[in-house]
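Peer 1: what follows is a predicted protein model with its sequence.
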Amino acid sequence: MSAKFIGSATVLIVHDVESTVLYYRDKLGFHFNRFWGDPPSFCILHRDAHSIMLSKVESDSLLTPNNNLTLDFWDIYFWTDDVRALREEYITKGAELYHPLTEKGYGVLEFEVKDINGYIIAFGEELPEPIH
């Protein structure tokens with residue numbers, strides 16, 4: 001029998017852990033249990049079964065969102081069962097929408113948010129297969 005994966009976490013390097021945590025909590029609906037360090041240098045955020053780890057870096061020059069390396073590429077991609085409702089939640093909470101809700105050629109309805117560090121987070125819902 002093989003071992004099974006029971007979870008995963010994306011790790012984002014940020015300049016200010018505390019303000020990033022507050023953004024993810026207040027704008028994107030994540031929660032957290034605690035900070036590590038004084039001042040905070042690490043935190044794990046959760047929403048449903050997904051986690052994001054935030055780790056402090058001293059120099060902003062070390063922040064490298066994927067969008068800085070290749071145009072219009074995400075740093076995190078989440079699938080959801082109701083992308084329209086999630087988009088409305090984020091609009092209500094004041095999150096910065098980076099790209100509007102769009103039906104993509106690869107069979108997903110998605111939108112993107114840009115966080116306070118410049119990271120692009122995409123949220124998508126698979127579309128039903130077309131009937132031929």
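Peer 2: Great, that's in hand.

Peer 1: ok, which stretches of this structure are helices?
Peer 2: For the chain, the helices defined by DSSP state H occupy 17-28, 66-69, 83-93.

Peer 1: how far off centre is stretch 90-106?
Peer 2: Distance of stretch 90-106 from the chain centroid (CA atoms, centre = their mean, to the nearest Å) equals 12 Å.

Peer 1: what's the mean pLDDT across it?
Peer 2: What stretch 90-106 shows for mean pLDDT is 93.

Peer 1: residues making contact with it?
Peer 2: Residues outside stretch 90-106 that contact it (CB atoms under 8 Å, 6 or more residues apart in numbering): 26-29, 72, 83-84, 87, 109-115, 120, 124, 127. Where C-beta positions appear, they are placed from N, C-alpha and C, glycine not excepted.

Peer 1: which of the helices of the chain sits most buried?
Peer 2: When you average the neighbours per residue for each of the helices of the chain (mean count of other CB atoms under 10 Å), helix 17-28 leads with a mean of 18.

Peer 1: need the CA coordinates for it. CSV is fine.
Peer 2: This file holds the C-alpha atoms of helix 17-28, laid out as CSV (Å, rounded to 0.1, in the frame of the first residue of the first chain):
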residue,chain,number,x,y,z
VAL,A,17,3.3,38.8,7.4
GLU,A,18,0.8,40.5,9.6
SER,A,19,-0.7,42.8,7.0
THR,A,20,-0.8,39.9,4.5
VAL,A,21,-2.6,37.7,7.0
LEU,A,22,-5.2,40.5,7.6
TYR,A,23,-5.7,40.9,3.8
TYR,A,24,-6.3,37.1,3.4
ARG,A,25,-8.6,37.0,6.4
ASP,A,26,-10.6,40.2,5.6
LYS,A,27,-10.7,40.1,1.8
LEU,A,28,-10.4,36.4,0.9
